[in-house]
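J.: structure, please.
(one chain, ligands or ions: 2)
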Amino acid sequence: MRTTVGIIGAGPAGLLLARLLHNAGIDSVVLESRDRAYVEQRQRAGILEQGTADVLRAAGAGGRMDREGLRHDGIELRFAGRRHRVDLPALTGGKSVLVYAQTEVCKDLVALRLKDGAPLLFEAEALAVEGAEGDRPSVRFRHEGRESVLECDHVVGCDGFWGVARRAVPAALSQAFERTYPFAWLGVLADVAPSHDELVYARHERGFALLSMRSPAVSRLYLQVPADTDPAAWPDERIWDELDRRLETPGGRRLERGPITQKSVTPMRSYVHEPMRHGRLFLAGDAAHIVPPTGAKGLNLAVGDVVTLARALVHRRDTGSDELLDAYSATCLRRVWQAERFSYDMTTMLHRSPEADGFEERLHLARLDRIATCRSAGADLAEAYTGFPVG
Ligand code: FAD
Ligand code: DHB
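T.: Residues are numbered from 1 along each chain as shown. Ligands and ions are numbered 1, 2, ... in the order given. This next block holds a predicted model:
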């Protein structure tokens, strides 16, 4: 099998890249190891930066997003018994975010790809990327019980943190920068209207809590838990009781409770692989970098990467020049490191670490107080939250 761009992984990065290339008249094949239901139902991100929504719209994938997505103009921070609303448009010159789940973005992009009749192979597991240094790179993969080879001009690893593409970069040329955190998130989906109409990020003596949503009828809630937590140790009543404690406000209401339909534990990690390119192999999204989820940057970073890459591939097709492909890694890494910094700051500021002493705890509270009382500190958060520009 032969194509211009071989894409490994049908998460948001791979699916959007395939769409952008298709719209520009560049053919690609997407290989995805899991089945369609898995890709469309895996519960993950929920917040689209304004720039991400604009990209999806321009790609012709924004119809349902614009009908069903919820525009949010603010987030609330709760700490030390206080509530502070961050007014996103007022602090950013008009920017906001959209609540529209990753599951829905993936469903929309899969449907478009299939409607276009363009190749998207489910249950096709990439085994290795070969020949990245030459001008005929290929992907060896297994599909329907047979091993095959996909020959390409360029290969893009959009196969997430656990994928195979990154392994094709020789160790001597790779650098990894990493932090793990001594806590995780217990995330639940509940069939109940959100108890607040905007997202609430709460720092509490007992740990972090986040109130988010998927729709006017479905709540998405998270609790900081120890890193090795078994979700089975958290029966539904315990989860609601703990959310009530951590999201408390002076004289405030309890949360509306409803049936919990999904429960999972997400580890927290910061990770960057440099460079994001080796020869004709490019890494995009979680295959190249991970942020801890606080601040909702993961999916948005993946979108930024593939926008930069699609532009570079189109430039090469139109001019024959590799200039933008050569700049891909450095261009993306500038934005990636801004998101890493923001996600790290949000995570440390809002969580209780078993390793932090009283001095650090007070610094985090002082930072929250600064955000609540100083316009430029609030604007710095609001600008990062609504999105860094794509280079
Ligand atoms: P992925 O979505 O991971 O997609 C990679 C795809 O590649 C997968 O479909 C996988 O099956 C496929 N694949 C892997 N290996 C192979 C192979 N060998 N061959 C073929 N296919 C392969 N971000 C937020 O902003 N907010 C959140 O709340 C949030 N929650 C998260 C919860 C969890 C449990 C995780 C893991 C991540 C979360 N993230 C969140 C991060 C966000 O979901 C990711 O940043 C985003 O999914 C990145 O998209 P991607 O396309 O790069 O990678
Ligand atoms: C969600 C996840 C996040 O990490 C975040 O900062 C905000 C919202 C969510 O899943 O809804």
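
J.: give me the low-pLDDT residue ranges for this protein?
T.: Within the chain, the ranges that satisfy pLDDT under 70 run 250, 252, 391.

J.: output the contacting helices and strands for the biggest helix by length in it.
T.: Counting by DSSP state H, the longest helix found in the chain is helix 323-350. Contacts defined by 3 or more Cβ pairs under 8 Å, 6 or more residues apart in numbering; DSSP states H and E place helix 323-350 against strand 199-202, strand 260-274, strand 277-278, helix 298-319, helix 358-373, helix 375-386. Quick note: C-beta positions are derived from backbone N, CA and C, even for glycine.

J.: just checking, Arg246 touches Leu211?
T.: No. Using Cβ atoms under 8 Å, Arg246 is not in contact with Leu211; the gap is 9.7 Å.

J.: list residues touching both of those two?
T.: Residues touching both Arg246 and Leu211 (Cβ atoms under 8 Å, 6 or more residues apart in numbering) are Ala202.

J.: so can I have CSV of the helices and strands packed on helix 323-350 showing mean neighbour count and distance to ligand 2?
T.: What follows is the helices and strands packed on helix 323-350, written out as CSV (neighbours: other Cβ atoms under 10 Å; distance: least, Cβ to the nearest ligand atom, whole Å):
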stretch, mean neighbour count, distance to ligand 2
strand 199-202, 23, 6
strand 260-274, 17, 9
strand 277-278, 24, 28
helix 298-319, 22, 8
helix 358-373, 14, 15
helix 375-386, 18, 9
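
J.: and Ala101, how far from Met213?
T.: Distance of Ala101 to Met213, computed by Cβ to Cβ, to the nearest Å: 10 Å.

J.: shared neighbours, those two?
T.: Gly46.

J.: for the closest residue to ligand 2 within the chain, grab phi and psi.
T.: Ranking the residues of the chain by distance to ligand 2 (Cβ to the nearest ligand atom) places Gly46 first, at 2.6 Å. Here is the backbone geometry of Gly46 (degrees, to the nearest 10): phi -130, psi -10.

J.: and it, what does it touch?
T.: Taking Cβ under 8 Å, 6+ apart, we find Gly46 in contact with Val99, Tyr100, Ala101, Gln102, Ser212, Met213, Arg214, Arg220, Ala296.

J.: just the buried members of those?
T.: Val99, Tyr100, Ala101, Gln102, Ser212, Met213, Arg214, Arg220, Ala296 (16 or more other Cβ atoms under 10 Å).

J.: take the residues you listed and keep only those in strands.
T.: Val99, Ser212, Met213, Arg214, Arg220 (DSSP state E).

J.: any idea how far Glu355 is from the first one?
T.: Look at Val99 and Glu355: by Cβ to Cβ, they are 33 Å apart.
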